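In: what follows is a predicted protein model with its sequence.
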Amino acid sequence: MGSKIDVDKKEGSKTKIDTLGMIGCGSMGGGMALLFAEHGLTVSLSDPAEEAMDGLIKEAKEKGFGDRLKKFKDQAEMAKSLNKPRVVAFSLPHGTVGDTVLEGLLPVLEKGDIILDAANEWYENTERRQGKCVTRGIKYIGMGVSGGYQAARNGPSMCPGGDEATLSEVLPLLEQVAAKDKQGRPAVAACGFGGSGHYVKMIHNGIEHGMMSAIAESFNIMRDGLSMKDDEIADVFEKWNKEGELQGTFLIDISTDICRKTFPQSDAHVVDTILDKVVQDMTGEEGTGVWSNMEAVRLHIAAPTLSTAHYLRIASAFRGQREKVHKTFSVPVQKLSILDDQKPAFIEKLRIAVYTACLASFIQGVNVIDAANKENKWNIDYAAVWQIWRAGCIIQADYISDNILGPVFKNAEKLPDLNMLTESDKALNDLANGYPKLKEVLAGAMKADLIVPALSATAEWIKIVSGTNLPTGFYEAQLDYFGKHMYDSKGDDVPGPTEGKHHFEWKPASKK
């Protein structure tokens with residue numbers, strides 16, 4: 001640490017990145033500012049909240065590198081403080097804030113300067129800004145950052161997208177500060193062209209929401225259905241994270257910690273005091289979950305585990321509305337009909353049920369990414385995405401990474417289609433083996449009126465994607481009856497989603 005970072009350019013010369021501007025010094029931007037400074041860069045800070053910058057400088061002084069952080073009230077002055085070519089990072093709310101900041105920076109930036117947009121941004125905004133910058137010779141990288149504020153401070157997973165030359169300039173810097181996997185390899189790589197970096201991170205968050213919902217549902221099953229104490233549930237999560245299909249899963253790991261944490265002044269568990277609402281989608285703090293589901297629908301990808309998990313978040317946000325309904329009627333949760341000696345076997349089935357939902361979340365999310373990649377011609381490097389997801393990110397899942405994603409992603413260039421349902425026999429086998437256990441868990445949960453939306457959606461999805469006698473045959477008849485939408489007959493060869501060839505005159509349109 002403490003040395004300047006040499007970046008090899010393709011033409012053979014070297015750029016020394018020894019200064020960096022950080023616009024936005026909240027939990028993520030502030031953590032990354034400290035991380036870059038700790039690795040030897042002089043970081044120029046810009047944030048409307050001066051106390052946020054003062055807090056970072058104070059922390060840096062306490063850690064022995066306070067001289068590497070400087071604060072600026074004016075973004076133009078901040079940009080002028082940087083060595084050329086300037087590297088400016090954004091950690092801003094999505095949307096118009098980034099546009100406003102960019103407009104203020106463009107007059108003071110020069111050809112060859114680099115912007116690292118490290119926000120959770122809508123990919124079309126990213127590509128629009130890239131287009132605006134390229135005409136001035138300014139380079140714009142859209143970079144998803146994962147791992148939460150702790151990882152931002154200690155080493156996050158990063159997913160940069162943009163033109164190849166610019167990515168090669170910034171990667172040595174990013175590789176030095178990124179999280180490292182068990183083999184010491186950095187969790188960062190060139191994702192692809194255009195807005196691919198922000199897009200992949202967006203779907204990463206959609207996958208994350210599906211996994212989080214399944215795990216949260218399992219917590220409620222154990223606490224409310226099996227009357228288990230928080231510390232007992234922590235022991236279960238700890239075991240799940242150490243071995244089997246959920247081994248090395250970040251969200252399972254933090255669930256262990258969540259179940260054990262008590263307030264310093266008492267023995268009360270923190271988790272038991274938290275109200276049952278998620279509001280980030282409603283308040284505008286988080287757009288990626290909304291966008292992930294919009295994209296799944298737009299691209300015609302069935303992703304019910306992700307979308308149902310999102311609907312749970314939305315419904316939960318309206319706590320006041322739920323309280324009013326509760327006064328009129330409610331569906332009380334009951335205990336599961338599980339004897340003490342049956343509990344270990346049921347918990348094992350629950351483990352497989354959670355894994356199956358997590359696997360479904362990955363499959364559905366990756367299929368959305370693949371469809372968008374084909375549409376936008378981003379040339380996504382799936383081996384790079386695999387490496388990005390191997391450490392430091394919220395969806396880190398070692399078993400899934402090693403046994404399912406790795407074999408497919410590392411050979412993606414050889415595959416005509418990256419659809420995980422057709423290209424991974426291991427994924428299909430695990431879904432097939434997981435379904436019976438998932439069904440048993442759901443049977444008990446439904447009887448006890450436990451809330452299990454993501455687990456239920458996963459079971460329905462498995463039945464649908466593996467079924468050849470769906471209710472949509474009757475659905476097609478209805479559509480043909482009133483809309484003359486045409487249908488295919490049993491025995492017709494229809495490998496893809498094509499319009500039907502037949503119409504039956506169910507009821508003549510002429511008047512009697």
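Out: That came through fine.
In: which ones are touching the residue nearest the centre of the chain?
Out: The residue lying closest to the centre of the chain (C-alpha atoms, centre = their mean) is N205, at 1.8 Å. Going by C-beta atoms under 8 Å, 6 or more residues apart in numbering, N205 touches N120, E286, T288, G289, S292, I394. C-beta here means a position set from N, CA and C on the backbone, and glycine is covered the same way.
In: from these, which ones fall inside strands?
Out: Judged by DSSP state E, strands contain none of the contacts of N205.
In: which of the residues you listed has the weakest pLDDT?
Out: Within the set of those, pLDDT is lowest for E286 (73).
In: secondary structure element for the closest residue to S424 other than its chain neighbours?
Out: Leaving aside its chain neighbours, S424 sits nearest to V408 (5.2 Å; criterion: C-beta to C-beta, 6 or more residues apart in numbering). For V408, the enclosing helix or strand under DSSP states H and E is helix 406-409.
In: what's that helix in contact with?
Out: Y382, A383, V385, W386, L415, L418, M420, E423, S424, K426.
In: my guess is the fifth one contacts E423. True?
Out: Spelled out, it's L415. Yes - using C-beta atoms under 8 Å, L415 is in contact with E423, at 5.7 Å.
In: returning to what we had before: which SS class is the residue nearest to the centre of the chain?
Out: Of the three states, N205 takes helix under DSSP: H, G, I helix; E, B strand; the rest coil.
In: pull up the gap between it and Y487, please.
Out: 38 Å (C-beta to C-beta, to the nearest Å).
In: okay, now the unreliable bits of the protein?
Out: Low-confidence segments of the chain (pLDDT under 70): 1-15, 285, 416, 512.
In: can you show me the strands along it?
Out: Using DSSP E, strands in the chain cover 5-8, 14-17, 19-23, 42-46, 69-72, 87-90, 114-117, 139-146, 157-161.
In: now do the buried residues in the longest one.
Out: Of the residues in strand 139-146, those buried by neighbour count under the rule 16 or more other C-beta atoms under 10 Å are K139, Y140, I141, G142, M143, G144, V145, S146.
In: quick one: strands adjacent to it?
Out: strand 114-117 (parallel), strand 157-161 (antiparallel) (DSSP bridges).
In: from those strands, which stretch is densest packed?
Out: Burial of the strands paired with strand 139-146 is given as mean neighbour count (mean count of other C-beta atoms under 10 Å); strand 157-161 ranks first at a mean of 30.
In: what's next to that one, contact-wise?
Out: Residues outside strand 157-161 that contact it (C-beta under 8 Å, 6+ apart): 116, 118, 126, 141-147, 151, 167, 170-171, 174, 178-179, 187-188, 190-201, 204, 378, 385, 388-389, 391-393, 396.
In: swap in 7 Å and give it another go.
Out: 141-147, 151, 167, 170, 174, 178-179, 187-188, 190-198, 200-201, 388-389, 391-393 (C-beta atoms under 7 Å, 6 or more residues apart in numbering).
In: could you do stretch 484-497 as well?
Out: With C-beta under 7 Å, 6+ apart as the test, stretch 484-497 has contacts from E476, L479, D480, E499, G500, K501, H502, H503.
In: which ones among the contacts of strand 157-161 map onto helices?
Out: A151, L167, V170, L174, S196, G197, H198, V200, K201, I388 (DSSP state H).
In: just give the nearest non-adjacent residue to the first one, would you?
Out: Nearest residue to A151, sequence neighbours excluded (C-beta to C-beta, 6+ apart): G392, at 5.1 Å.
In: so the one you found makes contact with A152?
Out: No - the pair G392 / A152 is not scored as a contact, 9.7 Å apart, by C-beta atoms under 7 Å.
In: any idea how far the residue nearest to K343 when sequence neighbours are not counted is from A214?
Out: In space, K343 comes closest to L226 once its chain neighbours are excluded; the distance is 6.3 Å by C-beta to C-beta, 6+ apart. Going from L226 to A214 by C-beta to C-beta gives 17 Å.
In: with neighbour numbers in mind, choose between the two.
Out: Shown here are L226 and A214; by other C-beta atoms under 10 Å, A214 has more neighbours (28 against 20).
In: how far away is that one from V271?
Out: On the measure of C-beta to C-beta, A214 and V271 end up 17 Å apart.
In: could you do F65 as well?
Out: Counting by C-beta to C-beta, the gap from F65 to V271 is 36 Å.
In: who has more neighbours, the two?
Out: Ranked by neighbour count (other C-beta under 10 Å), F65 and V271 place F65 first, with 20 against 17.
In: hang on, that one packs against E38?
Out: Yes - the pair F65 / E38 is scored as a contact, 6.0 Å apart, by C-beta under 7 Å.
In: that older thread, quick check, nearest of the contacts of N205 to G98?
Out: Nearest to G98 among those is N120, at 10.8 Å by C-beta to C-beta.
In: can you show me the helices along the stretch 351-500 of the chain?
Out: Assigned by DSSP state H, counting those that start in this stretch, the helices in the stretch 351-500 of the chain fall at 382-388, 398-400, 406-409, 420-423, 425-447, 453-465, 472-483.
In: what's the angle from the fifth one to helix 453-465?
Out: Taking axes from the mean of the first three to the mean of the last three C-alpha atoms, to 10 degrees, one finds helix 425-447 and helix 453-465 inclined to each other by 130 degrees.
In: check the offset of helix 425-447 from the chain's centre.
Out: Mean C-alpha position of helix 425-447 versus that of the full chain (C-alpha atoms, centre = their mean, to the nearest Å) differs by 24 Å.
In: tell me what it is packed against?
Out: Helices and strands touching helix 425-447, by 3 or more C-beta pairs under 7 Å, 6 or more residues apart in numbering; DSSP states H and E, are helix 343-376, helix 453-465.
In: also the last one?
Out: Under the contact criterion of 3+ C-beta pairs under 7 Å, 6+ apart, helix 472-483 touches no helix or strand at all.
In: so which bits of it are buried?
Out: E476, D480.
In: got a list of contacts for it?
Out: Helix 472-483 has contacts (C-beta under 7 Å, 6+ apart) with H485, M486, Y487, H503, F504, W506.
In: what does the first one give?
Out: Contact partners of helix 382-388, identified using C-beta under 7 Å, 6+ apart, comprise 157-159, 185, 187-191, 200, 401, 405-406, 409-410, 412, 418.
In: could you pull out the buried residues of it?
Out: In helix 382-388, counting by 16+ other C-beta under 10 Å, buried: Y382, A384, V385, W386, Q387, I388.
In: adding distance to I17 as columns, could you present the strands paired with strand 139-146 in CSV?
Out: CSV is the format used below for those (distance: least, C-beta to C-beta, whole Å):
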stretch, distance to I17
strand 114-117, 9
strand 157-161, 14
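In: which one, of those strands, ends up nearest to V134?
Out: Once the strands paired with strand 139-146 are compared by C-beta to C-beta, strand 114-117 is nearest, at 11.3 Å.
In: quick one: distance of that closest one to the chain centre.
Out: That offset, for strand 114-117, works out to 21 Å (C-alpha atoms, centre = their mean).
In: quick one: the helices in the stretch 1-150 of the chain, in order.
Out: Going by DSSP H, counting those that start in this stretch, the stretch 1-150 of the chain shows helices at 27-38, 50-63, 75-80, 96-105, 123-134, 148-154.
In: between L415 and E423, which one's more packed in?
Out: E423 (18 against 14).
In: so the more buried one versus L405, what's the distance?
Out: 11 Å.
In: try A303
Out: For A303, the distance to L405 - C-beta to C-beta - is 17 Å.
In: same question for N83.
Out: 39 Å.
In: so between the two, which is more surrounded?
Out: Between N83 and L405, counted using other C-beta under 10 Å, the more crowded position is L405 (23 against 14).
In: residues contacting the more buried one?
Out: Neighbour list for L405: F362, W386 [criterion: C-beta under 7 Å, 6+ apart].
In: hmm, try it at 8 Å
Out: Contact analysis of L405 by C-beta under 8 Å, 6+ apart lists F362, V366, W386, W389.
In: cheers, nothing more for now.
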